[in-house]
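**Q** Below are the sequence and a predicted model; questions follow.
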Amino acid sequence: MPYQWPSKNQWKQFFKVLNKRERLSFFIFLFLFLVSFTPLSISFYLDKTKIAPAPGGIYVEGMIGSPRFINPVYAAISDVDSDLIQFIFSGLMKYDSEGNIQSDLAKHYEIMEKGRVYEFHLRDNIKWHDSQQLTADDVIFTIETIQNPEIKSPLRTMWLGVEVEKISDLILRFKLKNPSPIFLENCTLKIIPKHIWKKVSAQNFFLTPLNLNPIGSGPYMLEDLSQDKNEEIISLDLTRNPLYFTKAPYLSKVSFRFFDSEEELINAYKKGIIKGFSPNSMKDLPDSGNIHSFSIPRYFSVLFNPKNSEVLAEKNIRIALNYGTNKEEILNTVFPNQGRIVHSPILPDIYGFREPVQIYEYNPDKANDILERAGFSINENGLREKTIKRTLTFSFKSNLSVGSNNSEVTELQKCLAKDPQIYPEASITGYFGSKTKEAVIRFQEKYKEDILEPFGLKSGTGEVKAKTKEKLNEVCLEKPEETIPLQLSLFTVDQPILVEVATILKTQWNKIGVDIEIKALDINTIERDILRKREFEAILFGEVLSSIPDPFPFWHSSQIGELGLNLANYQNKKADILLEDNRKSLDETERKEKLEQFQDILIGDCPVVFLYNPYYRYFVSKEIRGINADMITNPSERFAEVTEWHIKTKRVWK
């Protein structure tokens, strides 16, 4: 007969047959057994299990600014929009936690015809947040929308000349004019749904409410958006996408709160309103959080615009400013242990290139020597200036009146024509006629204090005599001697860190005799009025590279102008060729050689002072786990693997 566990009644009988002493002994032994067995059981359990993420929990991010275009077509306009797009949309490709490019919507891809053709095969289980199927039509629609000049997408230049062809609902092919090693990076572009956006005209694309009511295919979907009485967005809530095509995220909800300043962000964190944010400064951060530092391929520099500055047109002045810049002081003061010094536009420390042949190490004595040899001497105020003496090749010497016909009349007419209110006809004939006389009268009356009043006259005479000639020589001709101060205006964004860096630069450059005026403006004014129109002499600004280094947008001469990012108006034919070749070659070794040659040419031309490469800092509550990124290509990529972030945990068997 098989063994059976005693029934409840049998256990009762068992205790009845035991006397008092036996029952006491039994319970003592039972207690000792449990005391010894429980730790062993716990130890066994802990040894054979591990902590793993569990679903659930809400993360709240704080941001400065507010969303305007939660639309990948306009993603480059705002950091806030780029961050939100990272949660809501998906691309053919994406970045992993180490900055490498991997498949996302694409199941796999093929590179054909020596890099001129890229074929993508989409996953077959992808749904939009509204349950519609995502197909090749959506990808094609997104690309063609960006290529449309009426849409005015900042991403248009990335896709110019790219043809896209539908092979089937899940297969599409891109055809490029030239091989491109960076094309896969372009394919991290997030895709928008054709069935929703095809109804919007190009004229209304920028204005439609759909820009704030996104439908995507990413791990999170829009749940709610709140505005204040001024219709400013103050919060936005995302919830987990139940249709997400890969592993579901752990966090059940991600919310965003929008603020005007970093001080407000810090106060909101202290009050428990938010659980994380990206600080501009390490000062005043609470002790209750973790600081994550990500390596990011970006650098800050002072870009020169010689077209707007006579002194910066001299290469030696630009070289002297480089030697007069103590980058180590800037890094140690503003970013202690939070960045690297930069000497090159291709960031050798990040991409593994060789260091440039020439580096402008801090050497104020050398900077002073260069400035002295350039003719700029120290004045009584401790600042430098240069006196230029000119030999005049022409001056007004003859009396002129109606009927005069000679070269002096020609020069007179040229001078008067510079002011349309004085000589609107601007006719240069060499003959002194009635129109010229009328112009002379207007000139005399404009400068009546010097020409007419000494003689008690109230109206011009129209004749060019002593006082009129004297004023013409003063107004129209170069001065025989001119003093040029060594002074510059330095623009930057009105953010505490950038203003602090600009202030340090001003102090350093003052020490070599350069007078600096700092002009700190809000980012919108900088982008709209200063950068786009190139209305600056020097500007402290940051530039972000990509996972695959491509300095073309920042330094190729084709990128000069309002729509380009060549802010320094830099031109060099050899540099252009190297940048073009870098974009064409699929050979990594060849591209490395081209870029190393390019960096040496650019550094030799000295259109910039490279400064520092700061780490991207991210401050979050200690309860947020799973943030494992090492390198990110841009700030929004800190969310690249947000599906791994978690708050709750559980134990699972190993």
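**A** Okay, I see it.

**Q** my read: Ile526 touches Leu498, true?
**A** No: Ile526 lies out of contact with Leu498 (CB atoms under 8 Å); the separation is 10.1 Å. (Glycine included, C-beta is placed from N, CA and C.)

**Q** Overlap of the contact sets of these two?
**A** Both Ile526 and Leu498 are contacted by Thr492, under the criterion CB atoms under 8 Å, 6 or more residues apart in numbering.

**Q** Who are the contact partners of Pro179?
**A** 114-116, 584-586.

**Q** Report pLDDT for it.
**A** Pro179 carries a pLDDT score of 86 in this model.

**Q** Let me know the distance separating the residue lying closest to it once chain neighbours are set aside from Ser404.
**A** Nearest residue to Pro179, sequence neighbours excluded (CB to CB, 6 or more residues apart in numbering): Gly115, at 3.1 Å. Distance, Gly115 to Ser404, by CB to CB, to the nearest Å: 71 Å.

**Q** got it, and Asp349?
**A** Here Asp349 is placed at a distance of 70 Å from Ser404 (CB to CB).

**Q** Those two - which one has more neighbours?
**A** Ser404 (18 against 15; other CB atoms under 10 Å).

**Q** For the residue nearest to that one when sequence neighbours are not counted, grab the count of nearby residues.
**A** Using CB to CB, 6+ apart and skipping residues adjacent in sequence, the residue nearest Ser404 is Phe432, 4.0 Å away. Using other CB under 10 Å, the number of residues around Phe432 comes to 23.

**Q** Hmm, Asn399 and Phe432 touching each other?
**A** No: counting by CB under 8 Å, Asn399 is not a contact partner of Phe432; they are 10.8 Å apart.

**Q** ok now do Asn510, which residues does it touch?
**A** Applying CB under 8 Å, 6+ apart, the residues near Asn510 are 382-383, 516.

**Q** For the residue nearest to Ser404, give its distance to Ser78.
**A** Taking CB to CB, one finds Phe432 at 61 Å from Ser78.

**Q** Pro149 now?
**A** On the measure of CB to CB, Pro149 and Ser78 end up 21 Å apart.

**Q** for Thr239, same thing?
**A** To Ser78, Thr239 is 23 Å away according to CB to CB.

**Q** And for Asn582?
**A** Asn582 is 29 Å from Ser78, by CB to CB.

**Q** quick one: which of those two has more around it?
**A** Neighbour count, other CB under 10 Å: between Asn582 and Ser78, Asn582 has more, with 24 against 18.

**Q** Might one say that that one is in contact with Asp550?
**A** Yes: between Asn582 and Asp550 there is a contact under CB under 8 Å: 6.9 Å.

**Q** Let's verify Tyr59: helix, strand, or coil?
**A** Three-state call for Tyr59 (DSSP: H, G, I helix; E, B strand; the rest coil): strand.

**Q** Apologies, that question was intended for Lys386.
**A** strand.

**Q** since we're on it, how many residues are nearby?
**A** By other CB under 10 Å, 16 other residues sit near Lys386.

**Q** pretty sure it is touching Phe376, no?
**A** Yes: if you go by CB under 8 Å, Lys386 and Phe376 touch, sitting 4.7 Å apart.

**Q** okay, and the common contacts of the two?
**A** Residues within reach of Lys386 and of Phe376 at once, by CB under 8 Å, 6+ apart, are Leu486.

**Q** So, low pLDDT: which residues of this protein?
**A** The chain contains residues with pLDDT under 70 at 1-6, 8-18, 22, 44-46, 392, 480, 653.

**Q** what's the single longest helix in it?
**A** Longest helix of the chain, by residue count under DSSP state H: helix 20-48.

**Q** Quick check: what element follows that one along the chain?
**A** Later in the chain than helix 20-48, the nearest helix or strand by DSSP states H and E is strand 49-54.

**Q** Show me which residues of stretch 248-261 are buried.
**A** Buried residues in stretch 248-261, counted by 16 or more other CB atoms under 10 Å: 249-259.

**Q** Do a quick rundown of the strands in the stretch 501-650 of the chain.
**A** 515-521, 538-544, 608-614, 616-621, 648-653 (DSSP state E, counting those that start in this stretch).

**Q** Can you list the strands that the third one pairs with?
**A** Using DSSP bridges, the neighbouring strands of strand 608-614 in the sheet come out as strand 298-304 (antiparallel), strand 339-341 (antiparallel).

**Q** buried stuff in the helix or strand following the last one?
**A** Where DSSP H and E defines the elements, the next helix or strand beyond strand 339-341 is helix 348-351. Going by neighbour count (16+ other CB under 10 Å), the buried part of helix 348-351 is 348, 350.

**Q** got it, and stretch 279-298?
**A** 279, 289, 292, 294-298.

**Q** ditto for stretch 555-575
**A** Residues of stretch 555-575 classed as buried: 555-557, 559-560, 564-570, 572, 575 (neighbour count, 16+ other CB under 10 Å).

**Q** can you give me the end-to-end distance of stretch 252-272?
**A** 19 Å (CA to CA, to the nearest Å).

**Q** And that stretch, how far out from the chain middle?
**A** Remark: stretch 252-272 is offset 22 Å from the chain centroid, using CA atoms, centre = their mean, to the nearest Å.

**Q** returning to that earlier point: including secondary structure and distance to Glu637, could the buried residues of stretch 248-261 go into JSON lines?
**A** Shown next, in JSON lines, are the buried residues of stretch 248-261 (DSSP: H, G, I helix; E, B strand; the rest coil; distance: CB to CB, whole Å):
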{"residue": "Pro249", "secondary structure": "coil", "distance to Glu637": "16"}
{"residue": "Tyr250", "secondary structure": "coil", "distance to Glu637": "19"}
{"residue": "Leu251", "secondary structure": "coil", "distance to Glu637": "18"}
{"residue": "Ser252", "secondary structure": "coil", "distance to Glu637": "23"}
{"residue": "Lys253", "secondary structure": "strand", "distance to Glu637": "21"}
{"residue": "Val254", "secondary structure": "strand", "distance to Glu637": "16"}
{"residue": "Ser255", "secondary structure": "strand", "distance to Glu637": "20"}
{"residue": "Phe256", "secondary structure": "strand", "distance to Glu637": "17"}
{"residue": "Arg257", "secondary structure": "strand", "distance to Glu637": "21"}
{"residue": "Phe258", "secondary structure": "strand", "distance to Glu637": "21"}
{"residue": "Phe259", "secondary structure": "strand", "distance to Glu637": "22"}
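
**Q** Could you dump the residues you listed into a markdown table with distance to Lys177 added?
**A** Below are the buried residues of stretch 248-261 laid out as a markdown table (distance: CB to CB, whole Å):
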| residue | distance to Lys177 |
| --- | --- |
| Pro249 | 39 |
| Tyr250 | 44 |
| Leu251 | 43 |
| Ser252 | 46 |
| Lys253 | 45 |
| Val254 | 40 |
| Ser255 | 44 |
| Phe256 | 40 |
| Arg257 | 45 |
| Phe258 | 42 |
| Phe259 | 45 |
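
**Q** Between all of these, which two are separated the most?
**A** Within the buried residues of stretch 248-261, Tyr250 and Phe259 form the most distant pair, 26.4 Å apart (CB to CB).

**Q** Return the alpha-carbon coordinates of stretch 38-54 using CSV.
**A** Output of stretch 38-54 as CSV, limited to C-alpha atoms (Å, rounded to 0.1, in the frame of the first residue of the first chain):
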residue,chain,number,x,y,z
THR,A,38,14.5,29.0,6.9
PRO,A,39,18.0,30.7,6.3
LEU,A,40,19.0,27.7,4.2
SER,A,41,15.9,28.0,2.2
ILE,A,42,16.4,31.8,1.8
SER,A,43,20.0,31.3,0.8
PHE,A,44,19.1,28.7,-1.7
TYR,A,45,16.4,30.9,-3.2
LEU,A,46,18.7,33.9,-3.4
ASP,A,47,21.4,31.8,-5.0
LYS,A,48,19.2,30.3,-7.6
THR,A,49,17.2,33.5,-8.5
LYS,A,50,18.1,36.9,-9.7
ILE,A,51,16.5,40.4,-9.7
ALA,A,52,14.8,41.2,-13.0
PRO,A,53,12.7,44.1,-14.2
ALA,A,54,9.0,43.9,-13.7
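
**Q** Since that was my last question, I'll sign off now.
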